[in-house]
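Sequence and predicted model, in that order:
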Amino acid sequence: MKMYTCPMHPEIMLDKPGSCPKCGMTLVPANKFKMSMTMSMGMDHTGLAGREMARMMEEDIRNKFFFALVLSIPIIILTYFVKNPNPWVLFILTTPVFFYSGWIFLYSSYQALKQKTLNMSVLIAVGITAAYAFSVLLTFLGNTDSYYEAAALLITFVLFGHWMEMKSRRGTTDALQALFDLVPPQARLFKDGKESMISTSEVKLGDILILKPGDKVPVDGEIIEGETAIDESLVTGESLPVFKSVGDMAIGGSINTTGSVKFKATKIGEDTALAQIVKMVEMAQNSKAPGQKIADRFAKYLVIIAVGGGATTFIVWYFVMGESLMMALTFAISTIVIACPDALGLATPTAVAVGTGLGAKHNILIKDAPTLEQVSKIQAIVLDKTGTLTQGKPIITDVISAKGFSQIDVLRLDAAAETKSSHPLSQAVLEEAKKRKIIIPEKIEKFQNLAGLGVEAIVEGKQILVGTIKLMHDRGIDITPLSKDIDRLLSEGKTIMILAVDGKIAGVAAAQDPIKSTARAAIAQMREQGLEVAMITGDNTKTAEAIGKLLNIDRIFSEVLPEDKAKYVKKLQDEGKFVAMVGDGVNDAPALAQADIGIAIGAGTDVAIETAKVVLMKSDPLDILRAIKLSKATVRKMKENLVWASVYNLLAIPIAAGVLYPKFGITLRPEFSALLMSVSSIIVAVNAVLLKRVEKDLV
């Protein structure tokens, strides 16, 4: 497939011609530049190639700049320090600068005109061509006046500005490169009873791989033999190694610390979790914030204003004011050059690139530029309880039996009914039964999951029902025999699972999901920032209120069925609030989609992560605040850059056009206009890079 890239922003790689989404410059065929990057992740993806292209293009811009600089020095000396310099010598020195160093502007301008568009490359090309062509004409006519130094210095300063800009932006993808570096170049393949080393890019789905202590995990896979502890901190932010055994997943890029295991490759190449993270951040960096779309439209008009202004300036000074041809041309070229909206094109993309890069470095993945900008607008946050505020791994704390049943009976029948359920509470019951070495009946019939209420099944010929108080009331089951125990457990903030056998209450098991260590601090800081905090849960009202009181939460939505979560989010939106929803499960996906900003906890399901606009890889509630701080800081940089770029251009154009000349005798030659234009771009790029100072608030 033929790819196109931007001469100034080579990380942009598109499959069709057009304009650069960052600066508006015309894209050129990527095959004009040599690319040699080994796809160590086996990815048919432009990420690695894009960064290699960026490095090569930075070198190319640097080389062209130094070439232009070396030849510009004697041009300056001859022009300003030698009386009546030979124009033919200036012609010989300037021509290589124009055609070699200035070629990227000429070619990009040609492509733009072919597509009937005007962009910044057209402005630069018009400026350097006017200065060079007019000088050549004067030379061939035998006139000693010329603009050779203007053409040469214009090219030199613009290239210098772009080189500095590229250097300042290079650090914005450090986090992505660090993620790529996590993937080992080779993997241990186990085939036909033998172990061999192969390239990671050669791993196929279903291959059996071996991990030994100290090995990096090459691809995503499922452990099929052995036990170990894997350090996933560089991928998920989990600080401690995670114990893994048969059936558990290993994430590519993590580090095996202790045991040796075999695992089956389930995701390779661009399907791995690590590749998806990188792809998500790259998409965010290349997307446009709403503010930039306005700037883009303004930049297009600025191109027209610049070209029209240059022509008008020449007409006024030459035909109306009666100035010399050289003076009129000086004002015209200066006007065109300084009006180049390069800084305006960089105003928000550089800030977005730095912001998303910082987020990725601290395990906060923001999917696109609009989201990065809009997170700062959040007024209310809805937090799903399980897995967001709590560990998501409840443990059984109490087992109470009714008359005619023992605790063993309650756990045995409860565990049997829960065997086919994947709910965290079901797993807690099964873990407790395993811990007490209770034998669970194997024959389970007519199992049915009752969403948000519980489960039912036939075990040993008995009708078993396990679930909430609401479920018992709906089925007409009297819970009076254990009502005092149920009230006590609920007042303690515990979640209860009532067991009914053949229509009669048999017992109750209580579970408690430990609250995350950072949850209370996170909510306190949210409230300090004026955010309204709500908790949404399927738990009964008493349990929800106990947890809400403990965490000092503003609003509590309890006994909410999964399909109804989105309604409560909309309820807050109907109150005029800009709402964020934070969740981690499949049943959170509709609410995440309904919210203005959906935030998924990284330890959650693929569905939740796919639906959300922000992903918190560490599952830390404090990361919600870090995302908001990052968004506010990025938006502030966007506004600063847009104001600077806009005001700079609007003030500079009249000065370049000569409005100060009649009264103050001030003129602005084209080469100095180019320098000022480049300085403006550098200031915008550097200001965006200064966003990194907010990093101390993300630790």
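Here it is on my side, so go on. Residues are numbered from 1 along each chain as shown.

and the residue lying closest to I444 once chain neighbours are set aside, which of the three is it?
Computed as C-beta to C-beta, 6 or more residues apart in numbering, the closest residue to I444 that is not its neighbour in sequence is A457, at 5.2 Å. Every residue, glycine included, has its C-beta placed from N, CA and C. Secondary structure, DSSP: H, G, I helix; E, B strand; the rest coil: A457 is strand.

quick one: A457 and A415, what's the gap?
Here A457 is placed at a distance of 11 Å from A415 (C-beta to C-beta, to the nearest Å).

isn't there a helix covering T258?
No - counting by three-state DSSP, T258 is not part of a helix but coil.

And it, its phi and psi?
Main-chain dihedrals, T258, degrees, to the nearest 10: phi -120, psi -80.

That one and T228 touch, don't they?
Yes - here T258 lies in contact with T228, judged by C-beta atoms under 8 Å, at a distance of 5.2 Å.

All the strands of the stretch 201-350 of the chain, in order from the start?
Along the stretch 201-350 of the chain, counting by DSSP state E, counting those that start in this stretch, strands occupy 208-211, 220-225, 228-231, 242-244, 249-250, 255-256, 261-267.

Other residues contacting the third one?
It refers to strand 228-231. Residues from elsewhere that reach strand 228-231 (C-beta atoms under 8 Å, 6 or more residues apart in numbering): 211, 213, 217, 241-244, 250-251, 254-261.

What of the fifth one?
Under the contact criterion C-beta under 8 Å, 6+ apart, strand 249-250 has outside partners 211, 217, 220-223, 230, 244, 256, 261, 263, 266.

Paired strands for it, with orientation please.
In the sheet, strand 249-250 lines up against strand 220-225 (antiparallel) (DSSP bridges).

The last one now?
Taking DSSP bridges as the criterion, strand 261-267 sits next to strand 208-211 (antiparallel), strand 220-225 (antiparallel) in its sheet.

In it, which residues are buried?
261-263, 265, 267 (16 or more other C-beta atoms under 10 Å).

I'd like those residues as TSV, with distance to A451 appended.
Below are those laid out as TSV (distance: C-beta to C-beta, whole Å):
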residue	distance to A451
V261	36
K262	37
F263	33
A265	34
K267	29
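
just to revisit the earlier point, quick check on the contacts of strand 228-231: which are buried?
Among these, those that count as buried by neighbour count (16+ other C-beta under 10 Å) are 211, 217, 241-242, 244, 250-251, 254-256, 259, 261.

and S72, which of the strands of the stretch 201-350 of the chain is closest to it?
S72 lies closest, by C-beta to C-beta, to one member of the strands of the stretch 201-350 of the chain: strand 255-256, at 51.7 Å.

Would you give the sheet partners of the strand ranked longest in the chain, along with the direction of each?
Identified as the longest strand of the chain according to DSSP state E is strand 504-512. Using DSSP bridges, strand 504-512 pairs in its sheet with strand 395-401 (antiparallel), strand 495-501 (antiparallel).

And the last one, how far out from the chain middle?
In this case it means strand 495-501. 44 Å (C-alpha atoms, centre = their mean, to the nearest Å).

what about stretch 243-257, start to end distance?
One end of stretch 243-257 sits 10 Å from the other (C-alpha to C-alpha, to the nearest Å).

and the residue of the chain most remote from its centre, what pLDDT?
The C-alpha centroid of the chain is most remote from G142, which lies 59.2 Å away (C-alpha atoms, centre = their mean). Looking at G142, its pLDDT reads 85.

Quick one: classify it as helix, strand or coil.
Following three-state DSSP, G142 is assigned to coil.

May I have the phi/psi pair for it?
phi 90, psi 10.

picking that back up, shared neighbours of T258 and T228, which are they?
Common contact partners of T258 and T228 (C-beta under 8 Å, 6+ apart): P213.

quick check: mean pLDDT across stretch 535-543?
83.

what does stretch 458-467 give?
Stretch 458-467 shows a mean pLDDT of 88.

how far out from the middle of the chain is it?
Taking C-alpha atoms, centre = their mean, one finds the center of stretch 458-467 at 48 Å from the center of the full chain.

Name the residues of it that are buried.
Residues of stretch 458-467 classed as buried by neighbour count (16+ other C-beta under 10 Å): 459, 464-467.

and F190, bridged to which residues?
Beta-bridge partners of F190, as defined by DSSP bridges: E195.

which ones are touching it?
Contact analysis of F190 by C-beta under 8 Å, 6+ apart lists 208-210, 262.

if I look at it, how far off is S260?
F190 sits at a distance of 11 Å from S260 (criterion: C-beta to C-beta).

between the two, what contacts are shared?
I210.

residues of stretch 188-203 that come out buried?
Within stretch 188-203, the residues that qualify as buried by neighbour count (16+ other C-beta under 10 Å) are 188-189, 198, 200-201, 203.

would you list these in CSV and tack on distance to L676?
Output for these, formatted as CSV (distance: C-beta to C-beta, whole Å):
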residue, distance to L676
R188, 58
L189, 59
I198, 56
T200, 49
S201, 48
V203, 53
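
And the furthest pair within those?
Farthest-apart pair in these is R188 and S201; separation 14.8 Å (C-beta to C-beta).

Would you mind pulling up the elements that the host helix or strand of L675 packs against?
Taking DSSP states H and E as the definition, L675 sits inside helix 670-689. Of the remaining helices and strands, those touching helix 670-689 by 3 or more C-beta pairs under 8 Å, 6 or more residues apart in numbering; DSSP states H and E are helix 120-140, helix 148-170, helix 325-338, helix 342-346, helix 349-361, helix 622-656.

try 7 Å this time
Here helix 670-689 touches helix 148-170, helix 325-338, helix 342-346, helix 349-361, helix 622-656, going by 3 or more C-beta pairs under 7 Å, 6 or more residues apart in numbering; DSSP states H and E.

Which of those helices sits closest to L616?
Closest approach to L616 among these (C-beta to C-beta): helix 622-656, 4.2 Å.

Show me what counts as buried in that closest one.
Neighbour counts over helix 622-656 (16+ other C-beta under 10 Å) mark 622-635, 637-638, 640-642, 644-646, 648-649, 652-653, 655-656 as buried.

now that helix: mean pLDDT?
Averaging pLDDT along helix 622-656 yields 87.

from the buried residues of stretch 188-203, which single one is nearest L325?
S201 (62.5 Å).

Need the pLDDT of the closest one.
83.

try Q177
pLDDT, Q177: 60.

just F105 next, same as before
Per-residue confidence (pLDDT) for F105: 85.

same thing with the one 10 residues further on?
For Q115, the model assigns a pLDDT of 78.

what's the burial count for it?
If you count neighbours by other C-beta atoms under 10 Å, Q115 ends up with 14.

Ok, K377 next?
By other C-beta under 10 Å, the residues close to K377 number 14.

And for K420?
A count of nearby residues for K420, using other C-beta under 10 Å, gives 13.

And it, how far from I444?
K420 sits 7 Å away from I444, going by C-beta to C-beta.

Please apply the same query to K571.
K571 is 39 Å from I444, by C-beta to C-beta.

same thing with W88?
97 Å.

now the contacts of strand 249-250 in a markdown table, with pLDDT and distance to E563?
A markdown table is the format used below for those (pLDDT from 0 to 100; distance: C-beta to C-beta, whole Å):
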| residue | pLDDT | distance to E563 |
| --- | --- | --- |
| L211 | 90 | 41 |
| V217 | 89 | 37 |
| D220 | 89 | 31 |
| G221 | 90 | 34 |
| E222 | 92 | 31 |
| I223 | 92 | 34 |
| I230 | 85 | 36 |
| K244 | 85 | 34 |
| N256 | 87 | 41 |
| V261 | 91 | 39 |
| F263 | 91 | 36 |
| T266 | 91 | 30 |
